[in-house]
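K.L.:
Provided below for reference: sequence and predicted model.
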Amino acid sequence: MIDVKHQINAVRRHLGTRKLEAGEARVLTISQSYDTTAEDLWDACTNAERIPRWFLPVTGDLKLGGRYQLEGNAGGTVERCDPPKSFAATWEYDGNVSWIEVRLSAESSERARFELEHVAHVADDWKQFGPGMVGIGWDMLLMGLYLHMSGAGSLSQEEAMAWHFSEEGLAFMAESSDRWRAADVEDGADPEQAKAAADRVYAAYTTQPEE
């Protein structure tokens, strides 16, 4: 399906912190460039007909002030929109609220970069699982966008689940988890605690659901 090492190496990952009124938040930033124009990348990220081809089915109003809902995942409100450069929205999942901002920029006439920033309060889940809790998911999103931009067909839900637990899928998540562990240490986390969190999040992502 995909060259795991190539895809993992194509992605930039960074962690930081930010002070919010409600307390400290972690800032996760992930980006990758694609062989397309910024305008086409914008359409891929905001067109409700294209989003399911590389991410998840989405419903709602994809416009400023509109509510959206990703099937089986997060929903939220579009808070800012500056086409074809950026948009920002709340990311509401399992009773928690965080914030995302997507920024698109042209690197040349035929290449554009996708950058996503996710700001989340430091909660018990983050302390237990580390940045990989959301980082692995975002790595998978960038991989899906790469496959879409390269012309690969979209996978059915059954095919995606089979790949998730395939040797290739497990290798991808292991590499992603380790890169987020390294980013966590670079941001100041204790190496042993970061490794323990990375092991826990990898186990959580790779545990087969009970039938």
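P.N.:
Arrived safely, thanks for sending. Just so we're clear, the structure is a prediction, and the values are computed from it rather than from any experiment.
K.L.:
can you check the pLDDT for the closest residue in space to residue 13 that isn't next to it in sequence?
P.N.:
Nearest non-adjacent residue to residue 13, counting by CB to CB, 6 or more residues apart in numbering: residue 183, 5.0 Å away. C-beta here means a position set from N, CA and C on the backbone, and glycine is covered the same way. Here, the pLDDT recorded for residue 183 equals 97.
K.L.:
and residue 189, which of the three is it?
P.N.:
coil (DSSP: H, G, I helix; E, B strand; the rest coil).
K.L.:
identify the residue nearest it in space, chain neighbours excluded?
P.N.:
residue 130 (7.5 Å).
K.L.:
how near is the residue nearest the centre of the chain to residue 55?
P.N.:
The centre of the chain sits closest to residue 138, judged by CA atoms, centre = their mean, with a distance of 1.7 Å. Separation of residue 138 from residue 55 (CB to CB, to the nearest Å): 11 Å.
K.L.:
how about residue 43?
P.N.:
Applying CB to CB, the value for residue 43 to residue 55 is 14 Å.
K.L.:
please enumerate the helices of the chain.
P.N.:
Secondary structure of the chain (DSSP state H): helices located at 4-10, 38-46, 51-54, 124-129, 132-149, 157-164, 167-186, 191-206.
K.L.:
between the ones you listed, which gets nearest to residue 107?
P.N.:
helix 38-46 (8.7 Å; CB to CB).
K.L.:
so for the closest one, what's the average pLDDT?
P.N.:
97.
K.L.:
stretch 188-199 now?
P.N.:
Here the average pLDDT along stretch 188-199 is 96.
K.L.:
quick revisit: the residue nearest to the centre of the chain - nearest residue in space that isn't next to it in sequence?
P.N.:
residue 30 (4.9 Å).
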